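Asks: Got a sequence here, can you build the structure:
(one chain, ligands or ions: 2)
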Amino acid sequence: MTAGRSLPITVRQVGKRYGDLRALDDVDLDVRSGEFLTLLGPSGSGKTTLLMVLAGFARPDHGSIRFGENEVIRLPPHRRDVGVVFQSYALFPHMSVAGNIGFPLRLRKVPRAEIARRVEQALDLVQLSGLGGRRVDALSGGQRQRVALARAVVFAPRILLMDEPLSALDKQLREHMQIELRSLHARLGMTTICVTHDQREALTMSDRVAVIDRGRIMQIDTPRALYERPANRFVAGFVGQSFFLPVTRHGGAVHLDGCALRIAGPVPEGAAHLLLRPERLRILAAPEDGLNLLRGTVMSLAYQGESVLVQVVLAGGARIAVRTGAAASALPAEGAAVLLGLAPEDTVLLADAAA
Ligand code: ADP
Ligand code: MG
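Replies: Residues are numbered from 1 along each chain as shown. Ligands and ions are numbered 1, 2, ... in the order given. Purely as a prediction, here's the structure:
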């Protein structure tokens, strides 16, 4: 497995319908060479369809897909130079681990001694050394996931596609594997597209995240930009917890519940909502200069270990939540009046038109 082999991916106007349903609605997507990009979207948004179209297992109705300079839309899967990890893993259950991992090499008529050498390397890479002789149906979920990964990278493809590779694993192993997938990517360097419906997983693993909804890419950005500057309400609501409060305009100023807001970022034209994230609000003992101040009443508190989620109803009637430290001494009481501070740089407005 040679490090540093990768290709950019260029998707243009790719569409695919199933009857009346637009599974892919004229998708444009640019993935940089060597990038780890995550495709994030709810169930049924077209993630698997897009991945299968890229891998060559599904044929789009129209559009263009280039890997580097090459148009690949007419190439069969094994001529596309892509490794694929399917959601179901699609391993051969009765075959040995080594037999499974070596399969793509046999398909490519690699000599036997070379296969044995490369399978050993791949086993080592996914930390399964010594398990080559095991039957796949004698492995745990986490080990199967590693076999599927080893099989996908054993022929050193320049592109790696993974469809919810961690969804069958329990939470702890999944979080461990998120870090491992990133480090594997850092070592191998292939252009990687990973599908998930888990927003936290997407933020953890990716150089950039593409959010997809109903067959359309809504936004492509770094995890931080996606979270802090979402393009619309769908993205804001899907990535992280959020509340949307309608704002009004008076002259040049934007008002919430009768108070003018200080806003560091862009202010859209027309009707808009303020995006509130629970952890960007601070419970204040007294008003502080330079912050937007919101007044409300504490409805309830939920202790969540590393933090406490405080449900608040604002003076204007909107229900929101504030995430705060778990130290008991700093917590407000249920029914108490609270003063909340929001920094101008965390005051994000989303145009209703973009929703
Ligand atoms: P995701 O992976 O994001 O959950 P999919 O790409 O599997 O979504 O599916 C996108 C949409 O296309 C869904 O509404 C799904 O029901 C539909 N779909 C997928 N495959 C087929 C198929 N073979 N026939 C008909 N409809 C399909
Ligand atoms: Mg899917």
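Asks: ok, now which ones touch Val211?
Replies: Counting by Cβ atoms under 8 Å, 6 or more residues apart in numbering, Val211 touches Leu40, Gly41, Ile217, Met218, Gln219, Ile220, Leu226, Phe234, Val235, Phe238, Val239. Where C-beta positions appear, they are placed from N, C-alpha and C, glycine not excepted.
Asks: If you drop the residues flanking it in sequence, what lies closest to the fourth one?
Replies: With Cβ to Cβ, 6 or more residues apart in numbering as the measure, Val211 is the residue that lies nearest to Met218, at 4.6 Å, once sequence neighbours are left out.
Asks: Next one: that neighbour, what pLDDT does it get?
Replies: Note for Val211: predicted pLDDT of 97.
Asks: In the sheet, which residues pair with it? Tell me.
Replies: In this entry, Val211 is beta-bridged to Leu40, Gln219, by DSSP bridges.
Asks: any idea how far it lies from ligand 1?
Replies: 12 Å (Cβ to the nearest ligand atom, to the nearest Å).
Asks: Domain boundaries for this protein, per the record?
Replies: 9-237, 241-354 (automatic domain parsing).
Asks: Pull up the distance across the first one, start to finish.
Replies: What it means is domain 9-237. 28 Å (Cα to Cα, to the nearest Å).
Asks: what's near enough to touch the residue nearest the centre of the chain?
Replies: In the chain, the C-alpha nearest the mean C-alpha coordinate belongs to Ala202, at 2.5 Å (Cα atoms, centre = their mean). Contact analysis of Ala202 by Cβ under 8 Å, 6+ apart lists Thr38, Leu40, Thr196, Val209, Pro223, Val239.
Asks: where's it relative to ligand 1, distance?
Replies: For Ala202, the distance to ligand 1 - Cβ to the nearest ligand atom - is 13 Å.
Asks: part of a helix, is that residue?
Replies: Yes. Under DSSP: H, G, I helix; E, B strand; the rest coil, Ala202 falls within a helix.
Asks: Against ligand 2, how distant is it?
Replies: Separation of Ala202 from ligand 2 (Cβ to the ion, to the nearest Å) stands at 14 Å.
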